[in-house]
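>>> need coordinates for the following:
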Amino acid sequence: MPVSEAQKKATTKFEHNNYKKICLRLPAAEGKSALYDKIVIAADRAGQSLNSFILEAVKEKIEKI
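Prediction:
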């Protein structure tokens, strides 16, 4: 079932009011061991979404500072 325009608008409004976004740029070409691929694999192995894995890693780094 397609998402209605009202639902899209409500979702956009909710995200705007409740989240901040950060654009993360990673090197595209590093051969088979690209950083992006390593992060995706690590998140999968940890049983986490990519977003939650990165967020947890950032929080751990901040705690060490």
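>>> which positions within the host helix or strand of Ser52 qualify as buried?
With elements delineated by DSSP states H and E, Ser52 resides in helix 50-64, which encompasses its position. Going by neighbour count (16 or more other C-beta atoms under 10 Å), the buried part of helix 50-64 is Phe53, Ile54. All C-beta spots, glycine's among them, are computed from the backbone N, C-alpha and C.
>>> give me the contact list for that helix.
By C-beta atoms under 8 Å, 6 or more residues apart in numbering, the surrounding residues in contact with helix 50-64 are Leu24, Ile39, Val40, Ala42, Ala43, Ala46, Gln48.
>>> centre of the chain versus the helix or strand of the chain with the lowest mean pLDDT, how much separation?
One helix or strand of the chain scores below all others by mean pLDDT, DSSP states H and E: helix 35-45, with a mean of 93. For helix 35-45, the gap between its own C-alpha mean and the chain's C-alpha mean amounts to 12 Å (C-alpha atoms, centre = their mean, to the nearest Å).
>>> go on, stretch 48-64?
On C-alpha atoms, centre = their mean, the centre of stretch 48-64 falls 10 Å from that of its chain.
>>> oh, and call the first residue 34 from now on, that's how I've got it
Renumbered: residue one is now 34, and that last one reads stretch 81-97.
>>> hmm, back to that, give me the angle between the helix holding Ser85 and helix 68-78.
100 degrees (axes from the mean of the first three to the mean of the last three C-alpha atoms, to 10 degrees).
>>> for Arg58, phi and psi?
Backbone torsions of Arg58, given as degrees, to the nearest 10, read phi -110, psi 130.
>>> sounds good, over and out.
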